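Enquirer: What would the 3D arrangement of this be:
(chains A and B)
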Amino acid sequence: KQEVTQIPAALSVPEGENLVLNCSFTDSAIYNLQWFRQDPGKGLTSLLLIQSSQREQTSGRLNASLDKSSGRSTLYIAASQPGDSATYLCAVRWGAQKLVFGQGTRLTINP
Amino acid sequence: GAGVSQTPSNKVTEKGKYVELRCDPISGHTALYWYRQSLGQGPEFLIYFQGTGAADDSGLPNDRFFAVRPEGSVSTLKIQRTERGDSAVYLCASSASTSGDPQYFGPGTRLTVL
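Expert: Down below sits the predicted model:
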């Protein structure tokens, strides 16, 4: 069964720290992987998309890496800010068009 | 440009009633997706449209759920004989094509069945 797991479920760090969010998936034959941010009561904002042929993608202070062989992706956030507080979701697309999501990591950045 | 929009933003209904949820995708996007998100969980796939046709409806939980996209743009998710377990946030997403483009999500409709 194709599953996506995100650990930890919640993370709290002081402002200014660099941090890493983890995502693991069960089947390495992915098509692509997408990281999203979700603020309370809101929809999902797409952060980064990594195609299966890529190893990483960067946008501003965000860097996402992909290691298919180990079934892992990480989202690196540099110099964290209180505005980064949100739930971060990892989603994998395999052969079908649908995305399979992890349960998310709820991130709190403390001023 | 405008993103994905969904109406209503909130819907409260009584058990057994019929509801319709609407999604307006990003203009020109051919692929449209519906997901459902329960509290504290990641979204779960319901159905995917390519153009007017439902290409994959494997995520619909039962035959009370139905979705249409008659002109290849706006889509409506229809739920008959609602149950309390249908309460969730229903999210719509669209993408430019099916060849690996990112999916862009709307704000969702929060459905509460009393």
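
Enquirer: remind me which residues of chain B are low pLDDT?
Expert: Applying pLDDT under 70 to chain B flags residues B:1, B:98.

Enquirer: Which one of the residues in it is closest to chain A?
Expert: B:Gly42 (3.1 Å; CB to the nearest CB). (Each C-beta comes from the backbone N, C-alpha and C, glycine too.)

Enquirer: ok, for A:Gln6, nearest residue in space, not its chain neighbours?
Expert: Among residues not flanking A:Gln6 along the chain, A:Gly102 sits closest, at 3.7 Å (CB to CB, 6 or more residues apart in numbering or on different chains).

Enquirer: before we move on, what about A:Tyr76?
Expert: A:Asn63 (4.4 Å).

Enquirer: Local confidence estimate at that neighbour?
Expert: Looking at A:Asn63, its pLDDT stands at 98.

Enquirer: Given the strand or helix carrying it, what are its sheet partners and their directions?
Expert: Taking DSSP states H and E as the definition, A:Asn63 sits inside strand A:62-67. If you go by DSSP bridges, strand A:62-67 pairs up with strand A:56-59 (antiparallel), strand A:72-77 (antiparallel).

Enquirer: how about the residues of chain B that lie near chain A?
Expert: With the criterion set to CB under 8 Å from any CB of the partner chain, chain B comes near chain A through B:4, B:6, B:31, B:33, B:35, B:40-45, B:48, B:50, B:55-56, B:59, B:91, B:93, B:98, B:100, B:102-108.

Enquirer: give me the number of residues near the residue in chain A positioned nearest to chain B?
Expert: For chain A, the residue closest to chain B is A:Phe101, as judged by CB to the nearest CB, at 3.1 Å. By the criterion of other CB atoms under 10 Å in any protein chain shown, A:Phe101 has 23 neighbours.

Enquirer: Leaving out the residues flanking it, which one is nearest to it?
Expert: B:Gly42 (3.1 Å).
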